[in-house]
Structure formats: C-alpha cells, structure tokens
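J.: take a look and give me a structure for this.
(2 chains, ligands or ions: 2)
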Amino acid sequence: MAEPTVTLKVTRYRPGKDSAPTLQSYSVPYRQDWVVLDALNHIKDQIDGTLSYRWSCRMGVCGSCGMMVNGVPKLTCAAFLRDYHGQEIRVEPLVNFPIIRDLVIDMNDFMDKLKSVKSWLVRKVEKPVTEGEYRQTPAELEKFHQFTQCINCMLCYAACPVYGLEPEFLGPAAIALAYRYNMDSRDQGRDQRQELLGSHHGVWECTFVGECSEVCPKHVDPAAAIQRSKVDLAKDWFKSMLLPWGTR
Amino acid sequence: MNGTAVRPDKSKLYYPKMPRTWWLQKPAYLLFMLRELSSVFIAIFLIVFLVQIYQLTKGPEAYAAFVQKLSSPGWILFHIVALLFAVYHSVTWFESTAVVMPIKLGERELPRQLVFAVNIGAWIAVSAAILILFLALRS
Ligand code: SF4
Ligand code: FES
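T.: Ligands and ions are numbered 1, 2, ... in the order given. Coordinates of the predicted model:
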C-alpha cells in the first residue's frame, strides 16, 4: 500500500532572482508523529536542498523555528501534521518581518528592541562577586516568573497588527521583558525603561488586540504586561504631578 | 543601536505589506475592530442623550417633541444597535480588568474568570437597581 502523503505549500523567495515570494508545493509522507518541521527537513533532505529555514532545538525552547502555518504564527517543531489532517498545509515566513530568503526573516529589528529595553538586571552600582549573589524570596520571584518564560520566538510580533502597521512600535515581547525586569526586586533600571515604555513608540501604541498572548507558545501573556505597564506609567505620571518634589 | 550582528543587505530583503483587509483575516481581528467601532455608536448615543436633557430644560413641549422624533423606526434601530455595541464593549472591558489589574488574595492571584464573574454580577445588579428606580419613578 502506498504511504499516505500530505501536501505542503511553502514560501520560496530567492533574493536577486525573485521579485516577490511564491508558494511551491511539495508532497511529503504523512506520519502521525511528525511535526511541520520534520516535513520541512524531509523536503530539504530528500526533495529540494535549496529550501532555507531556521531551527535549532526541535523541542520548543530555542524559539528559532517560528513560521506561519496556515496563517497562524506557530513553532513548527510543535505543530503536528496530525492537527492538520486532511488539509493542505501552508508554511510561510513569520509575517510583519522582512524576508531574507524563503522562510527566513530578518529579526534585527526585534533584537535591537530587546536590547533597547535593557532586558537584563541593571544595578546602579554592581556589587563585587565576593559579596555574594543578589538574593530573592520565592514571593518576589512569583511577581514576574511567568514573564521569564519568553523564548524570543517573535510569534507575538507576527500576531500583532499594530507592529505590522507601525514597525517602530516596541512590540509585545520587548515590553513583556521590560516589565519582567521592572518587577524584579534585584533590578534598579526601572526609570530608564519607563522612559522608553512611555515614549511615542512604547506601550501607548498598543490598542489591546490581545492576539500576542493567544499565539504565545510559552503562555507569557505579553498583552497583560503591556496593559500593566500602562497602569504603572499612569501612576508614575500622577505621582509626578501631585508630588513634583517626589521620587524623581 | 549598533549590534555586532551581521545585518542583511537591505536591498535584497523582501518587505511584505499588510493588506488593507488585514482585519478580515482572523475573527479575533474583526472582533477587535468591532470593539473599536462600538465607541462611535456610544459617542453618538451620548450626544443624543445630552440633547435630550437639554430639551428637558426647554419645557415639556420641546421635550415631548424630541421624544416623538426619537420614536421613529430609524432611531429605535440605532438605539438597539448602540445597546448591543455597549453590551459587547462592557463585557470585553470586564474581561480585561483582571488582565490589567491582577487582584491578589494573600499569596495567590484570583482566577481571571472569577474577577470577570464578580464584575459582571455587580454590573447586572447596578443596572437592575437603576431600572427598578426608573420604573418606580415613572409609575
Ligand atoms: S512573548 Fe511569547 S510569543 Fe512573544 S517572543 Fe516571547 S515566547 Fe515568543
Ligand atoms: S526548533 Fe527550537 S523552538 Fe522549534
């Protein structure tokens, strides 16, 4: 008996050769335990070695295999073929990003934004190593723990129409990480980040579509981080109005 | 910002454009647009309401004439649509309150569904109270 197959329609874009991306069909074996990434690997190994895409861990932790699967941003290493049973599967590069080649997008914009929010512990004065680690209670960790789960997969940017329309927008993951460090009891960089979050391309551009949180494979809930940052900024503003001699 | 990352040659990149009809691509986007649109209807309703109160200051005849105008099928239809939009907007508003302001009870965050249910319950209670008061004043 012939092995069952499934058709994958995959974006091809060869810079210098193609003026716009096109879809190419490939027929691959249908296996219960295969994910979309397995099917792409099969294409690259057996059918067409010129296909380009990114992946690394194959287990949902590195965040590099994000693509659009039937129009929805997904980690392709976690998207099972069986969940698309009987359908054609359309695999496209993450939307809202420039395409470098085939399924590979340019993520420099996101990387710059991630850096701009200082997604690390900022200390006014670093304590020398000899003085030991910065300690934290479980309750303090609990405040931001969920937001530490981000794997920088950028699925949320692909789900965000605001980012699509306004590429300057800081965007869901960068703001979620800014919030994560702001909530960290060991951090002292809040003022620097708030300035950026409150700026023209910061949190106020978000109109709360909420799709970023829907597609996040790690349940980070960037939409919540953005709305809470809005509340924090509003509180800061009221404080600075009422107590101009206050914390500034 | 200057990273050490290798930057791809911009002239070779393909920049996809968002289609004008992006909000039709997903039901969630459409619902979002409807939520935004709801404010237009609510704003018109409020203007009409303010005019209605203003007519009240001009005496019973003026007010009666205005109410007469409002009872035309067009205005009734408008109010039904505005009411539906207001209900939709309010429900999504209450849905988001627990997201925006998590409520803690001791160590634990209250489940979002519970916060939503309490909000909706309070909203229905207040609406019912206003309705009862209104009916009582009319009779
Ligand atoms: S917030 Fe979620 S969807 Fe966005 S980059 Fe992080 S893990 Fe990916
Ligand atoms: S390959 Fe690492 S997340 Fe999919």
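J.: scan chain A for its longest helix.
T.: For chain A, the helix with the greatest residue count under DSSP state H is helix A:222-242.
J.: what comes up buried for that one?
T.: For helix A:222-242, burial by neighbour count (16 or more other C-beta atoms under 10 Å in any protein chain shown) applies to A:P222, A:A223, A:A224, A:A225, A:I226, A:Q227, A:R228, A:S229, A:K230, A:D232, A:L233, A:D236. In short, each C-beta sits where N, CA and C put it, glycine included.
J.: ok, for the residue nearest the centre of chain B, nearest residue in space, not its chain neighbours?
T.: The residue lying closest to the centre of chain B (C-alpha atoms, centre = their mean) is B:H89, at 2.6 Å. Of all residues beyond its chain neighbours, the one nearest B:H89 is B:S38 (4.4 Å), with distances taken as C-beta to C-beta, 6 or more residues apart in numbering or on different chains.
J.: helix or strand for that neighbour, which one?
T.: Element membership for B:S38 (DSSP states H and E) is helix B:27-57.
J.: before we move on, what about A:V162?
T.: Counting by DSSP H and E, A:V162 is found in helix A:161-165.
J.: A:C57 too?
T.: Counting by DSSP H and E, A:C57 is part of no helix or strand.
J.: so it makes contact with A:C77?
T.: Yes: assessed by C-beta atoms under 8 Å, A:C57 is found in contact with A:C77 at 7.4 Å.
J.: those two: who's more crowded?
T.: Taking neighbours as other C-beta atoms under 10 Å in any protein chain shown, A:C57 and A:C77 compare with A:C77 leading, 23 against 13.
J.: now for the residue most central in space within chain A: which residues touch it?
T.: When C-alpha atoms, centre = their mean is applied to chain A, the residue found nearest the centroid is A:M154 (2.2 Å). By C-beta atoms under 8 Å, 6 or more residues apart in numbering or on different chains, the residues touching A:M154 are A:G63, A:G66, A:L94, A:F97, A:I105, A:M107, A:F110, A:A173.
J.: which strand residues bridge the second one?
T.: Under the criterion DSSP bridges, A:G66 forms beta bridges with A:L75.
J.: quick revisit: in a markdown table: the buried residues of helix A:222-242, plus pLDDT.
T.: Shown next, in a markdown table, are the buried residues of helix A:222-242 (pLDDT from 0 to 100):
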| residue | pLDDT |
| --- | --- |
| A:P222 | 97 |
| A:A223 | 97 |
| A:A224 | 96 |
| A:A225 | 97 |
| A:I226 | 97 |
| A:Q227 | 96 |
| A:R228 | 95 |
| A:S229 | 96 |
| A:K230 | 96 |
| A:D232 | 95 |
| A:L233 | 96 |
| A:D236 | 92 |
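J.: strands along chain A, start to end?
T.: For chain A, the strands defined by DSSP state E occupy A:5-12, A:22-29, A:66-69, A:72-75, A:89-92, A:99-101, A:104-105.
J.: now check the fourth one, is it near ligand 2?
T.: Yes: with C-beta under 6 Å from any ligand atom as the criterion, ligand 2 is reached by strand A:72-75 at A:L75.
J.: what about that strand, near ligand 1?
T.: No: contact of strand A:72-75 with ligand 1 (C-beta under 6 Å from any ligand atom) is absent, the minimum separation being 7.6 Å.
J.: right, I'll call it a day here.
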